[in-house]
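# After the sequence you'll find the predicted model.
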Amino acid sequence: MDSSVAEQVRNLLSVPRKIVITSHVNPDGDAVGSSLGLFWFLSGLGHEVHVIIPNSFPNFLIWMPGCDQILHHKDQLQLSKEHIASADLIFCLDFNALNRLDMLEEAVRSSSALKVLIDHHVQPVQEFDHIISVVETSSTSEIIFDFITSFDKPHLIDKRIAECIYAGIMTDTGSFSYSCNYEHTFAIVASLIALGIDVEHIHRLVYDTYTESRMRLLGFSLSEKLKVLNQYHTAYISLTKQELRRFKHQIGDTEGIVNYALSVRGINLAILLMEREKYIRLSFRSKGNFSVNELARRYFNGGGHRNAAGGNSYLGMEKTLGQIHDLLPAIKDQLDY
Ligand code: 5GP
Ligand code: MN
């Protein structure tokens, strides 16, 4: 963490402020965990704090302390706009470009509040007043833990905060299977356990909550929709609107499906394509050196990390799949390791 930027941000917080904390559209465990962890800490410091997310978050996060206080911009438009317009400071967590706020982008852009980015994605866009960007880390939640620890007010860091931070780290590392080969990540986990969290319980709350239809959607995706292209070390799963409807798709239900495609032996690139109302949403995962961040940036209006990225296509499902098939011969050699 850049300690001089962190110090500037701490100084901004030395008098009571009106603060908004926000995160990316379709927030995941790290987005919600880091936001609520920071929310509790800044509230404890005496600031007026609101967490505002663009749309709703997945059901497997509703146990998180403070979840019920989150404003959903999509449903609480007026209140959300008022808080954003009157804020002194807006914390932008777990994304690296304002367009990731989707329906919230314009309100944040036009607010006169100072904007502070705290994030771990590569290549943050220089459109924030202060940027704390750490790429070599497990998650934004880990950076938030370091940031709040740097205030030297340990009495304000309690079990609620620890639960939110742990959930963020756990979900962003696929339960400690990637992006976590850091001593520091595990040192933080040790501190969180010292604060009283129950890691088994949190794991169950997040992962053992599938609805029957979500489990069947996973089964269908693997048995009927998985395409394995061994010659390109690539596997993909495409899901149409009708298929998602058939399995009563809820936000968050497709989370994790792409990782199964990557678990196939010899596969180094996995793609999940989901048909939404007006576009195709893509999730990319890779093993090793191949950068899905670059792939998503170059061809699919997206980005993310080297081994996990997302993007959108406006060509429809058939043409998007055609585009992928056309791309594969050119990147085949980069995927052969
Ligand atoms: P997911 O596939 O889980 O939606 O996203 C994987 C990673 O890429 C996440 O860290 C997410 O924040 C990032 N990501 C997803 N979509 C986009 C996008 O459109 N633009 C950028 N810059 N990052 C994205
Ligand atoms: Mn994250």
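Noted; the coordinates are in hand. Note that this is a predicted model, so its numbers are computed, not measured. Ligands and ions are numbered 1, 2, ... in the order given.

# Settle this for me: Tyr232 is touching Lys332, isn't it.
Yes: in terms of Cβ atoms under 8 Å, Tyr232 counts as a neighbour of Lys332; the distance is 5.3 Å. From N, CA and C alone the C-beta is placed, and that goes for glycine too.

# and the two? which has more neighbours close in?
For Tyr232 versus Lys332, neighbours defined as other Cβ atoms under 10 Å are more numerous around Tyr232 (19 against 15).

# and the nearest residue to that one once chain neighbours are set aside, what is it in contact with?
Leaving aside its sequence neighbours, Tyr232 sits nearest to Leu328 (Cβ to Cβ, 6 or more residues apart in numbering; 4.3 Å). Contacts were defined as Cβ atoms under 8 Å, 6 or more residues apart in numbering; by that measure Leu328 touches Leu229, Tyr232, Thr234.

# hmm, the one helix or strand in the chain whose mean pLDDT sits lowest in reach of ligand 2?
Least confident element among the helices and strands of the chain, by mean pLDDT, DSSP states H and E: strand 303-304 (a mean of 93). No: counting by Cβ under 5 Å from the ion, no contacts exist between strand 303-304 and ligand 2, the nearest distance being 9.1 Å.

# what lines up beside that strand in the sheet?
strand 308-313 (antiparallel) (DSSP bridges).

# Distance from the strand it pairs with to the middle of the chain?
Strand 308-313 has its C-alpha centroid displaced from the chain centroid by 12 Å (Cα atoms, centre = their mean, to the nearest Å).

# can you give me the strands in this protein?
18-23, 48-53, 71-72, 89-93, 114-119, 130-133, 226-229, 234-239, 269-275, 280-286, 303-304, 308-313 (DSSP state E).

# Any chance of JSON lines for those strands, columns distance to ligand 1?
As requested, the strands of the chain are exported to JSON lines (distance: least, Cβ to the nearest ligand atom, whole Å):
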{"stretch": "strand 18-23", "distance to ligand 1": "9"}
{"stretch": "strand 48-53", "distance to ligand 1": "13"}
{"stretch": "strand 71-72", "distance to ligand 1": "19"}
{"stretch": "strand 89-93", "distance to ligand 1": "11"}
{"stretch": "strand 114-119", "distance to ligand 1": "9"}
{"stretch": "strand 130-133", "distance to ligand 1": "13"}
{"stretch": "strand 226-229", "distance to ligand 1": "17"}
{"stretch": "strand 234-239", "distance to ligand 1": "12"}
{"stretch": "strand 269-275", "distance to ligand 1": "7"}
{"stretch": "strand 280-286", "distance to ligand 1": "3"}
{"stretch": "strand 303-304", "distance to ligand 1": "2"}
{"stretch": "strand 308-313", "distance to ligand 1": "2"}
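
# can you list the domain ranges for this protein.
3-207, 212-335 (automatic domain parsing).

# ok, back up a step: I'd like the strands of the chain as JSON lines, with mean neighbour count appended.
Listed next are the strands of the chain as JSON lines, based on neighbours: other Cβ atoms under 10 Å:
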{"stretch": "strand 18-23", "mean neighbour count": "25"}
{"stretch": "strand 48-53", "mean neighbour count": "22"}
{"stretch": "strand 71-72", "mean neighbour count": "16"}
{"stretch": "strand 89-93", "mean neighbour count": "26"}
{"stretch": "strand 114-119", "mean neighbour count": "23"}
{"stretch": "strand 130-133", "mean neighbour count": "20"}
{"stretch": "strand 226-229", "mean neighbour count": "16"}
{"stretch": "strand 234-239", "mean neighbour count": "24"}
{"stretch": "strand 269-275", "mean neighbour count": "24"}
{"stretch": "strand 280-286", "mean neighbour count": "24"}
{"stretch": "strand 303-304", "mean neighbour count": "23"}
{"stretch": "strand 308-313", "mean neighbour count": "21"}
